[in-house]
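Chemist: Sequence and computational prediction follow.
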Amino acid sequence: MTEPVAHTLDVPGAVLRYYVREPAQQAEGRPILVLIGSPMDAAGFVTLAGHFTDRTVVTYDPRGTGRSDRTDPAPESTPEQHADDVRRVIEAVGAGPVDLFATSGGAVNALALVAAHPGLLRVLVAHEPPTVALLPDHETAVAAVHDIRALYERSGIGPAMVKFIEITSLKGPVPAGFADQPGPDPATFGLPTTDDGSRNDVLLGQNLVSCCLYEPDLPALRAASTRIVIAVGAESEGEVAHRSGRAVAERLGIPVAVYPSHHAGFLGGEYGQEGEPKGFAVALRGDLEV
């Protein structure tokens, strides 16, 4: 596989960077594979892309992350905006329908993309979309998301990120008043202990509420020509994103695919995190080639 070639794309409210890896030899009948996250950018997919050397692989930096700059002054980006950005990247590459692997917030955005433009995607594998509004404990989960955002606005990134880390690793239902419960010292996680006054964090400010509170258009997804696979991690059972993925699959009436490792199971050292990328890639390939 060749080194990724960077491209620039002007879209409403942002200038996006996307990256194209061409295979040394394209296998016949292999659609382009697009890999997306949010707010994780293209840097998180280096290992996973390396397991798909038989096809063109496209990654991108979502608006406001990596090398993609926002020109929109709005405080938040929506899944619909991100979905339209991905649509434009796919159309710029000039081939379709494509296969799409999307993880975390990227999976939420991908569900919005399929609902709006099902003809663009042959297969969507949506890995652990944090659609907390679909959870049985949605009232306390939604309240926790709002409370974490309010904590961020009130006290800055350190205290709010601690609560975000806590809620993402929590096993089981979200308790009432979660965000108000005392958390560890931010320094324990290497986070700032003082507030610098900035409120431009891409996760806590730009995407947290709009992503987690997004409710998929279930009738449109059921009617889509795209084959949808909802995947969850074997080691993340009970966590919010895992449970949310199962909730989406249940609403769509489809089985859940259990992938190796955890929420970041495809990572192979990116951001200092290790999953099981080889096994993860095998599972993903199996779902793409059914």
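Modeler: Done, it's in. Numbering: from 1, shown residues only.

Chemist: What ranges does the stretch 51-200 of the chain have for its strands?
Modeler: 57-61, 69-70, 98-103, 121-127 (DSSP state E, counting those that start in this stretch).

Chemist: Just the buried residues of stretch 29-37, please?
Modeler: Buried positions in stretch 29-37, judged by neighbour count with 16 or more other C-beta atoms under 10 Å: Pro31, Ile32, Leu33, Val34, Leu35, Ile36, Gly37. The C-beta positions use only the backbone N, C-alpha and C, and glycine is treated the same way.

Chemist: Ramachandran coordinates for Ser77?
Modeler: Backbone geometry at Ser77, expressed as degrees, to the nearest 10, gives phi -110, psi 150.

Chemist: in this protein, what spans have low per-residue confidence?
Modeler: Applying pLDDT under 70 to the chain picks out residues 1, 26-27.

Chemist: Which helix runs longest in it?
Modeler: helix 138-155 (DSSP state H).

Chemist: what kind of secondary structure is the closest residue to Pro75 other than its chain neighbours in?
Modeler: Counting by C-beta to C-beta, 6 or more residues apart in numbering, Pro75 lies nearest to Gly205, which is 6.6 Å off, once chain neighbours are set aside. Secondary structure assignment for Gly205 (DSSP: H, G, I helix; E, B strand; the rest coil): helix.

Chemist: For Gly205, give me its contacts.
Modeler: Pro75, Glu76, Arg149, Tyr152, Arg199 (C-beta atoms under 8 Å, 6 or more residues apart in numbering).

Chemist: Write the PyMOL selection for whichever of the residues you listed are buried.
Modeler: Typed into PyMOL, the line below selects the buried ones among those, using 16+ other C-beta under 10 Å:
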select buried, resi 149+152
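
Chemist: Closest one of the contacts of Gly205 to Gly286?
Modeler: The closest of these to Gly286 turns out to be Glu76 (C-beta to C-beta; 36.2 Å).

Chemist: what are the phi and psi angles of the closest one?
Modeler: The phi/psi pair for Glu76 (degrees, to the nearest 10) is phi -130, psi 150.

Chemist: For Thr193, find the nearest of the strands of the stretch 51-200 of the chain.
Modeler: strand 69-70 (27.9 Å).

Chemist: Enumerate every residue touching Gly268.
Modeler: Val46, Thr47, Leu48, Glu274, Gly275, Pro277 are the contacts of Gly268 under C-beta under 8 Å, 6+ apart.

Chemist: what number of residues lie near the fourth one?
Modeler: One way to gauge burial is a neighbour count; for Glu274, by other C-beta atoms under 10 Å, it gives 14.

Chemist: swap in the fifth one?
Modeler: Residue neighbour count, defined by other C-beta under 10 Å, stands at 23 for Gly275.

Chemist: That one is in contact with Pro260, isn't it?
Modeler: Yes. Between Gly275 and Pro260 there is a contact under C-beta atoms under 8 Å: 7.4 Å.

Chemist: what sits against the nearest residue to His138 once chain neighbours are set aside?
Modeler: Nearest residue to His138, sequence neighbours excluded (C-beta to C-beta, 6+ apart): Val132, at 6.3 Å. By C-beta under 8 Å, 6+ apart, the residues touching Val132 are His138, Ala141, Val142, Val145, Val174, Cys212, Leu213, Val240, Ser244.

Chemist: okay, now the third one: neighbour count?
Modeler: Looking back up the chat, that one is Val142. 17.

Chemist: Which residues are in contact with it?
Modeler: Val142 neighbours (C-beta under 8 Å, 6+ apart): Val132, Ala133, Cys212, Leu213.

Chemist: where does Val229 fall, helix, sheet strand or coil?
Modeler: Applying three-state DSSP: Val229 is strand.

Chemist: And it, how far from Ile157?
Modeler: 34 Å (C-beta to C-beta, to the nearest Å).

Chemist: ok, now Phe280?
Modeler: 30 Å.

Chemist: With neighbour numbers in mind, choose between the two.
Modeler: For Phe280 versus Ile157, the count of surrounding residues by other C-beta under 10 Å is larger for Phe280: 25 against 22.
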